[in-house]
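[1] please work out how this folds:
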Amino acid sequence: MVVQKGIINNSVVDPNKILPMRYMWARQHYKDGVANNWTPEEIAMQKDVEQWKSSHTLSPTERRLILWNLGFFATAESLTANNIVLAVYKNVTNPECRQYLLRQAYEEAVHTDTFIYCCDSLGLNPDEMYTMYQTVPSIKAKDDFVVQLTTSVLDPNFKTEGPENIQKFLHDLIGFYVIMEGIFFYAGFAMMLALKRQGKMVGIGEQFEYIMRDESLHLAFGCDLINTIKAENPIVWTPTFAQQITGLIAQAVELEKNYAKDACPQGILGINSEQFCQYVEYITDRRLERIGLAKMFDTANPFAWMSQSIDLNKEKNFFETRVTEYQTAGSLEW
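    Take a look at the predicted model:
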């Protein structure tokens, strides 16, 4: 059965009439996003600049890791924003979902601005940074994979009508939310936050913490959207289709592992690329379970400290850093 009055293909919904709301989880994600509001200029970068210009603070491996991550995220955030504005928003006409998508688009703009801010602060060559998605093979492979995964929804003539097209839409949503935002971003998050734990590039590390909190909400919204479409159109979630999705996610994991080994080939202060690969396996199992698929790896989390970076309840010195304790998103549990 395909639902004609669900979250997609609803011919009777008025996208300009947000009340009464039907999908309260979308409204909650919007409110949580607002509660986590931030801008990159709020975070001091002076120590980062001093460390970057120093000849002895950062090793060549650490510098490579920083450049690879800034290079990947600088264009990945724009790719994500384009998908939201040009594809997802058009096909999800439910008003409360659209309200969240507008919020997410704003957050992607903030993330894009963050990498402009980081590049300007460190004096990096923009031509080098913003072409790494073309010149660094491990970065190019990830971006090419996601672009190939989301071709259907970017077709201006694409519609979500009929089981086959709903499958295409789910396929692309999973490529966009689960793979891009849920897997491809997380080795980079772990790398930059591992540096921050060592007192290196703490300004960029804090920017990455805020980005990761945003991305956690994006992932949660995306999975709720995917699961709602599945529940309302159970005919499309066939064993064959589920197997196809699992295969795509397995390919994505290999690409992210290759990127982790490339960005951090020699390890940093007791952390090596193999642990980053294990972390990718761990978070991939979480993503699979979130959309009703079986785990692939059953790998333990090698970085238990990563969960602290999503916890908004941490106490901070009022005069030293940005206050986050007052944000209502502090009650979130993942």
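[2] report the secondary structure state of M191.
    With DSSP: H, G, I helix; E, B strand; the rest coil as the basis, M191 sits in helix.
[3] can you verify my assumption that it contacts Y279?
    No: judged on CB atoms under 8 Å, M191 makes no contact with Y279 at a distance of 9.7 Å. All C-beta atoms are positioned from the backbone trio N, CA, C, and that covers glycine.
[4] assess the claim that L248 and D172 are in contact.
    No: judged on CB under 8 Å, L248 makes no contact with D172 at a distance of 10.7 Å.
[5] common neighbours of the two, please.
    L149 (CB atoms under 8 Å, 6 or more residues apart in numbering).
[6] who's more crowded, these two?
    Ranked by neighbour count (other CB atoms under 10 Å), L248 and D172 place D172 first, with 22 against 17.
[7] and for P126, the neighbour number?
    With other CB under 10 Å as criterion, P126 counts 12.
[8] ok, now how distant is the residue nearest to it when sequence neighbours are not counted from F73?
    Of all residues beyond its chain neighbours, the one nearest P126 is C119 (6.0 Å), with distances taken as CB to CB, 6 or more residues apart in numbering. Applying CB to CB, to the nearest Å, the value for C119 to F73 is 11 Å.
[9] and these two? Which one has more around it.
    Taking other CB under 10 Å, C119 and F73 do not tie; F73 has more neighbours (26 against 18).
[10] quick one: contacts for the more buried one?
    Contact analysis of F73 by CB under 8 Å, 6+ apart lists 111, 115, 185, 188, 211.
[11] mind running it again at 6 Å?
    Counting by CB atoms under 6 Å, 6 or more residues apart in numbering, F73 touches F115.
[12] where do the helices sit along this protein?
    24-35, 46-53, 60-83, 89-91, 95-122, 126-129, 132-135, 137-149, 151-154, 163-173, 186-197, 202-232, 239-263, 273-290 (DSSP state H).
[13] out of those helices, which gets nearest to P15?
    Nearest to P15, of all the helices of the chain, is helix 95-122, at 5.2 Å by CB to CB.
[14] tell me the gap between that closest one and the middle of its chain.
    Distance of helix 95-122 from the chain centroid (CA atoms, centre = their mean, to the nearest Å) equals 11 Å.
[15] just checking, what packs against it?
    Contacts defined by 3 or more CB pairs under 6 Å, 6 or more residues apart in numbering; DSSP states H and E place helix 95-122 against helix 24-35, helix 60-83, helix 202-232.
[16] mind checking which of those helices is nearest N272?
    Closest of the helices and strands packed on helix 95-122 to N272 is helix 60-83, at 10.5 Å (criterion: CB to CB).
[17] got the CA positions of the closest one in PDB?
    The C-alpha trace of helix 60-83 is given here as PDB (Å, rounded to 0.1, in the frame of the first residue of the first chain):
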ATOM      1  CA  PRO A  60      53.400  17.200   9.700                       C
ATOM      2  CA  THR A  61      50.900  14.400  10.300                       C
ATOM      3  CA  GLU A  62      48.700  16.800  12.400                       C
ATOM      4  CA  ARG A  63      48.900  19.500   9.800                       C
ATOM      5  CA  ARG A  64      47.900  17.100   7.100                       C
ATOM      6  CA  LEU A  65      45.000  15.900   9.200                       C
ATOM      7  CA  ILE A  66      43.800  19.500   9.700                       C
ATOM      8  CA  LEU A  67      44.100  20.400   6.000                       C
ATOM      9  CA  TRP A  68      42.300  17.200   4.900                       C
ATOM     10  CA  ASN A  69      39.400  17.800   7.200                       C
ATOM     11  CA  LEU A  70      39.000  21.500   6.400                       C
ATOM     12  CA  GLY A  71      39.300  20.700   2.700                       C
ATOM     13  CA  PHE A  72      36.600  18.000   2.900                       C
ATOM     14  CA  PHE A  73      34.100  19.900   5.000                       C
ATOM     15  CA  ALA A  74      34.600  23.200   3.200                       C
ATOM     16  CA  THR A  75      32.800  21.800   0.100                       C
ATOM     17  CA  ALA A  76      30.800  19.000   1.700                       C
ATOM     18  CA  GLU A  77      28.600  21.500   3.600                       C
ATOM     19  CA  SER A  78      27.800  23.400   0.400                       C
ATOM     20  CA  LEU A  79      26.900  20.100  -1.300                       C
ATOM     21  CA  THR A  80      24.600  19.300   1.700                       C
ATOM     22  CA  ALA A  81      22.900  22.700   1.500                       C
ATOM     23  CA  ASN A  82      22.300  22.300  -2.200                       C
ATOM     24  CA  ASN A  83      20.600  19.000  -1.600                       C
END
